[in-house]
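Asker: take a look and give me a structure for this.
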Amino acid sequence: MNSLSIFIETFWPLMTAAAGFAISTVATGHAILYKRDSRASVAWVGLIWLAPFVGTLLYVLLGINRVRRRVSGQRGHERALLRDLEPFSCTPAGLASELPPDTRHLAEMAQLARSLTRLQLLRGNSVEPLFDGDQAYPAMIDAIDRAERSISMCVYIFDNDAAGERFLDALVRAVRRGVEVCVLVDAVGSRYSMPPITSRLAQCGVRTALFMSGLLTWRTPYLNLRNHRKILVVDGRTAFAGGMNVRACHVLGDQPAHPTRDTHFRLLGPVVQQLQAVFVEDWHFTTGELLAGDQWFPRPEPGTGEVYARVLPDGPDQDLDKMSMAFQGALAVARRSVRIVTPYFLPDRALIAALNTCALRGVVVDIVLPQQNNLKMVAWAAMAQMWQVLEWGCRVWMTESPFDHSKLMVVDGELSLIGSSNWDPRSLRLNFELGIECYGITLARRLSTEIERRIANAHRLTLAEVNGRSLPVKLRDGIVRLAAPYL
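Answerer: Coordinates of the predicted model:
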C-alpha cells in the first residue's frame, strides 16, 4: 500500500465529514436567508442536516427558486396594452356604483386586486363555464378551427391520447390555413404520457416550446417551479382558461378508466388581452421571442358581457403570493357566503386563519373536496390539519367519484375567483398559476348552482370523524403533513 492510499484511507472519513459539514452549512445559510416561510425554512434545514448530502441535493433541486423572469422586453408592450384597455377599465369606486347595494362591499376586493396586480378591472366581458371535457374540448377545438390569424396555447399537461390527438389535428389544420400557432407545454407535464406529444406537434409544423426544460443544472426540469397555467387564446378575441389540461380522462362521456371532472371557462371581451399578455410573457421567457402585432393583440372592441374581470398572474417570481393574498382578501370582504371547490387543500396558517375568521364572523364557509383523491399523500396531509378549519365552523364536504379537479371560489353570490390555482403550497408558492377575478351575478349563480348540486350528493365531514381516526392513520397523516413544504 503506497503513501497516497494510506493518506486516503486515513483521512477520507474526515474529508467526507468536512465536505458534508461545509455544504450543509452553505445550504442552511441559503435557506435561512431566502426562504420567506419560516416553517419551510425550518423543514429544509432539518432535512439538510438529518440527511447529509442527500438533503442538500434535494434543496438545490427543489428548494431554490432559480427563476428570474426576463420581462424587460415585455414591459413596454404591456404599457401600450394598458393604454388600449383604458376605455374599458373600471375603478373600485366605479364598480361599487354598478354593483347591487347588498354586494357593493366587494369593491374592496377590487381595490386589493388592483394594488396586487397593477392591472385594470375591465368591463364588458362574457365568462361562460364549461363543465368537463365533454363541453370544453368541442368548444375549444371549434374555436381553433375558426381561427384566422393566431392561436396561443399554454397548458401543463398535453397528453398523447385520444384528446391530445383531437387538439393536435385541429392545430395542424390551423397551421395549414396559415394561422400563426404557438403552443407552450410545461416540461414536466409533457411527460405524463410517453412518448410526449410535443415532438409530434413540432414535426407537424406547430411552433412548440417546453417551459423550464433542459439538461443543465440551472435548467433541469425539476418538480418545482412548473407552469401550471391553462390558456388558449384565438385571434386575440376568444379565450379559454381554468383548471383543465388536455387529457382523455376529462371526457366523461367516453367512460375513461380514471374519470376526472373539471371546470373550464370561455371568455370574450377586453380581459382576453390580459390573458394574451400572460401567455406572451411566458413564451418570451421560454423562447426569447416576443410576440407582437395585431394578429396577437388586435385593438379591443366594446364587449357586451355583464362581467367585470381582471387577470391575476401568480408565480414564484415578481408575482409571488398574489393568489394567496387574493384568496385572503376575498375571505376578508365576504359577508354572507363563501364556497370553495378545490382538489388539493393544504392551506398555510394565514389562509387557515382567514377561513376561520370568516366563519367566526357568521359567514357560511363551504369547502368542497373530493372523497377519493388522485394524490393520496396530499389527501392524508390535508386530513391531518382538517380539524383546524372544522373546529371554528367551516363546513367541509367530501364529494363522491369521479375525482373533481375543479378550482372555484364564489363569494356573496357576486364575486367568482376562477383559474388554475389549488389551495396548496405547490400552487400558491411554487408554480406559475393564473387566476381571474370576476364580478357578475349570472356567472356566480351558475357556479353556485353547480356547487350546490355537488354538495347535495356529498358527505359532510365532521370534527368527530376526523378525531375518530385510528392512531396508525393519525400518525400516517401527521407524518405526511410534515412534508407539506415539499408536496
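Asker: where does the chain dip in pLDDT?
Answerer: Applying pLDDT under 70 to the chain picks out residues 1-12, 34-40, 61-83, 214-224, 484-487.
Asker: how is it carved up into domains?
Answerer: The chain breaks down by automatic domain parsing into domains covering 3-63, 72-98+121-311, 322-481.
Asker: mind putting those domains into TSV with mean neighbour count?
Answerer: For glycine as for every other residue, the C-beta is placed from the backbone atoms N, C-alpha and C. TSV is the format used below for these (neighbours: other Cβ atoms under 10 Å):
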stretch	mean neighbour count
domain 3-63	14
domain 72-98+121-311	19
domain 322-481	19
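Asker: those domains: which one's closest to Leu106?
Answerer: domain 322-481 (5.0 Å; Cβ to Cβ).
Asker: endpoints of that closest one, how far apart?
Answerer: Using Cα to Cα, to the nearest Å, the end-to-end distance of domain 322-481 comes out at 24 Å.
Asker: could you shift the numbering so residue one becomes 35, and keep it that way?
Answerer: Happy to do that; since the first residue is 35 now, the last one works out to domain 356-515.
Asker: I'd like the domains of the chain as a markdown table, with distance to Ala147 appended.
Answerer: A markdown table is the format used below for these (distance: least, Cβ to Cβ, whole Å):
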| stretch | distance to Ala147 |
| --- | --- |
| domain 37-97 | 21 |
| domain 106-132+155-345 | 6 |
| domain 356-515 | 5 |
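Asker: distance check, Thr338 against Val398.
Answerer: Distance, Thr338 to Val398, using Cβ to Cβ, to the nearest Å: 33 Å.
Asker: surely Ser371 meets Asp446?
Answerer: Yes - using Cβ atoms under 8 Å, Ser371 makes contact with Asp446 at a distance of 6.1 Å.
Asker: using CSV, write out the CA atom coordinates for the helix or strand Asp316 falls within.
Answerer: Assessed by DSSP states H and E, Asp316 sits inside helix 305-321. The C-alpha trace of helix 305-321 is given here as CSV (Å, rounded to 0.1, in the frame of the first residue of the first chain):
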residue,chain,number,x,y,z
VAL,A,305,-60.0,40.6,-20.5
VAL,A,306,-58.8,38.4,-23.3
GLN,A,307,-56.0,40.9,-23.9
GLN,A,308,-54.7,40.4,-20.3
LEU,A,309,-54.7,36.6,-20.8
GLN,A,310,-52.8,37.0,-24.1
ALA,A,311,-50.3,39.2,-22.3
VAL,A,312,-49.6,36.5,-19.7
PHE,A,313,-49.0,33.9,-22.5
VAL,A,314,-46.7,36.3,-24.3
GLU,A,315,-44.6,36.8,-21.2
ASP,A,316,-44.3,33.1,-20.7
TRP,A,317,-43.5,32.5,-24.3
HIS,A,318,-40.8,35.3,-24.3
PHE,A,319,-39.3,33.8,-21.1
THR,A,320,-39.1,30.3,-22.6
THR,A,321,-38.1,31.1,-26.2
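Asker: run through the residues that contact Asp328.
Answerer: Contacts for Asp328 were tallied using Cβ atoms under 8 Å, 6 or more residues apart in numbering; they are Arg183, Gly270.
Asker: isn't there a strand covering it?
Answerer: No - using DSSP: H, G, I helix; E, B strand; the rest coil, the assignment for Asp328 is coil, not a strand.
Asker: next one: it relative to Leu218, how far apart?
Answerer: From Asp328 across to Leu218, the span is 21 Å (Cβ to Cβ).
Asker: same question for His318.
Answerer: Here His318 is placed at a distance of 10 Å from Leu218 (Cβ to Cβ).
Asker: give the closest residue to Leu481 in space, chain neighbours not counted.
Answerer: Distances taken as Cβ to Cβ, 6 or more residues apart in numbering place Val444 nearest to Leu481, at 5.1 Å, with adjacent residues excluded.
Asker: now do the SS call for that neighbour.
Answerer: For Val444, the assignment made with three-state DSSP gives strand.
Asker: what's opposite it in the beta bridge?
Answerer: Under the criterion DSSP bridges, Val444 forms beta bridges with Arg373, Ser450.
Asker: Leu403 now?
Answerer: Bridge pairing for Leu403 - DSSP bridges - gives Met432.
Asker: surely it touches Ala416?
Answerer: Yes - using Cβ under 8 Å, Leu403 is in contact with Ala416, at 7.3 Å.
Asker: I'd assumed Cys392 was in a strand, is it?
Answerer: No - using three-state DSSP, the secondary structure at Cys392 is helix, not a strand.
Asker: quick one: residues contacting the nearest residue to it once chain neighbours are set aside.
Answerer: With sequence-adjacent residues excluded and distances taken as Cβ to Cβ, 6+ apart, Cys392 is closest to Leu365, at 4.5 Å. Neighbour list for Leu365: Val372, Ala388, Leu389, Thr391, Cys392, Val399, Val445 [criterion: Cβ under 8 Å, 6+ apart].
Asker: who's in contact with the first one?
Answerer: By Cβ under 8 Å, 6+ apart, the contact set of Val372 is Ala364, Leu365, Cys392, Val397, Val398, Val399, Asp400, Met443, Val444, Val445, Asp446.
Asker: verify the stated contact: the fourth one with Ala366.
Answerer: No - the criterion here is Cβ under 8 Å, and Val397 misses it with Ala366 at 10.2 Å.
Asker: list the helices and strands the helix or strand Ala343 falls within packs on?
Answerer: Per DSSP H and E: Ala343 is located in strand 341-348. Under the contact definition 3 or more Cβ pairs under 8 Å, 6 or more residues apart in numbering; DSSP states H and E, strand 341-348 sits against helix 141-151, strand 155-165, helix 305-321, helix 356-367, strand 467-473.
Asker: which strands or helices does the first one pack on?
Answerer: Helices and strands touching helix 141-151, by 3+ Cβ pairs under 8 Å, 6+ apart, are helix 126-132, strand 155-165, strand 341-348, helix 356-367, strand 467-473.
Asker: so for Pro86, which of these sits nearest?
Answerer: Nearest to Pro86, of all those, is helix 356-367, at 33.1 Å by Cβ to Cβ.
Asker: quick one, that closest one and helix 141-151 angle?
Answerer: 160 degrees (axes from the mean of the first three to the mean of the last three Cα atoms, to 10 degrees).
Asker: and helix 356-367, how far out from the chain middle?
Answerer: Here helix 356-367 is found 15 Å from its chain centre; the criterion is Cα atoms, centre = their mean, to the nearest Å.
Asker: just stretch 353-364 next, same as before
Answerer: Using Cα atoms, centre = their mean, the mean C-alpha position of stretch 353-364 is found 12 Å from that of the whole chain.
Asker: ok, which stretches of the stretch 35-184 of the chain are strands?
Answerer: Remark: strands assigned in the stretch 35-184 of the chain by DSSP state E, counting those that start in this stretch are 123-124, 155-165, 184-189.
Asker: so which of those is nearest Arg488?
Answerer: Closest among the strands of the stretch 35-184 of the chain, once you apply Cβ to Cβ, is strand 155-165, at 10.9 Å.
Asker: in its sheet, which strands sit next to the closest one, and in what direction?
Answerer: Each strand paired with strand 155-165, and its direction, by DSSP bridges: strand 123-124 (antiparallel), strand 297-302 (antiparallel), strand 341-348 (antiparallel).
Asker: any idea which helix or strand carries the closest residue to Gly447 other than its chain neighbours?
Answerer: Using Cβ to Cβ, 6+ apart and skipping the chain neighbours, the partner closest in space to Gly447 is Ala478 (5.2 Å). Per DSSP H and E: Ala478 is located in helix 475-490.
Asker: what's in contact with that helix?
Answerer: For helix 475-490, the external contacting residues (Cβ under 8 Å, 6+ apart) are 134, 161, 163, 165, 297, 340-341, 373, 375, 400, 402, 431, 433, 438, 442, 444, 447-450, 472.
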